[in-house]
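A.B. asks: Just need the structure, nothing else, for what follows:
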Amino acid sequence: MLGTLVLVGGLVAIPYPGPGWAIVFVGLAILASEFDWAKRVLHFAKGKYDAWTDWLGRQNLVVKLLVLAATGLIVLATLWLLNALWLVAGWVGLQEWTWVQSPIFR
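C.D. replies: The predicted structure is shown next:
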């Protein structure tokens, strides 16, 4: 159960600044202590992560900036869906900006 919770927390944290992937790998390692399938997934995920970082390191600045922009858009989209932007708009007196309210919480 703990491994699953840590894994899910890591998956949620991946696009945000911080150790999202490290949390995913810790969750998989916890699960791998009990399940063979988790060992295989952990080995596969580490390989894909290393391949991604190697590929990204070889790319030019434009590709790196596009990946950064895509990550930023994912973060903004999740903050909007979780209604965090509406919360902040309320703090600064911009409640009339209804477009920042999540469609989930209307």
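A.B. asks: backbone phi and psi for Glu96, please?
C.D. replies: Glu96 adopts backbone torsions of phi -70, psi -10, taken as degrees, to the nearest 10.
A.B. asks: so how many other residues sit close to it?
C.D. replies: When neighbours are defined as other C-beta atoms under 10 Å, Glu96 has 7 of them. C-beta coordinates here come from the backbone N, C-alpha and C atoms, glycine included.
A.B. asks: Could you measure from the residue lying closest to Leu94 once chain neighbours are set aside over to Thr71?
C.D. replies: Counting by C-beta to C-beta, 6 or more residues apart in numbering, Leu94 lies nearest to Val100, which is 7.6 Å off, once chain neighbours are set aside. According to C-beta to C-beta, to the nearest Å, Val100 and Thr71 sit 20 Å apart.
A.B. asks: Equivalent analysis for Leu28, please.
C.D. replies: Computed as C-beta to C-beta, the Leu28 to Thr71 distance reads 22 Å.
A.B. asks: Looking at those two, which one has more neighbours?
C.D. replies: Applying other C-beta under 10 Å to Leu28 and Thr71 shows that Leu28 carries more neighbours, namely 24 against 14.
A.B. asks: Might one say that the more buried one is in contact with Arg40?
C.D. replies: No - Leu28 is beyond contact range of Arg40, at 9.9 Å (criterion: C-beta atoms under 8 Å).
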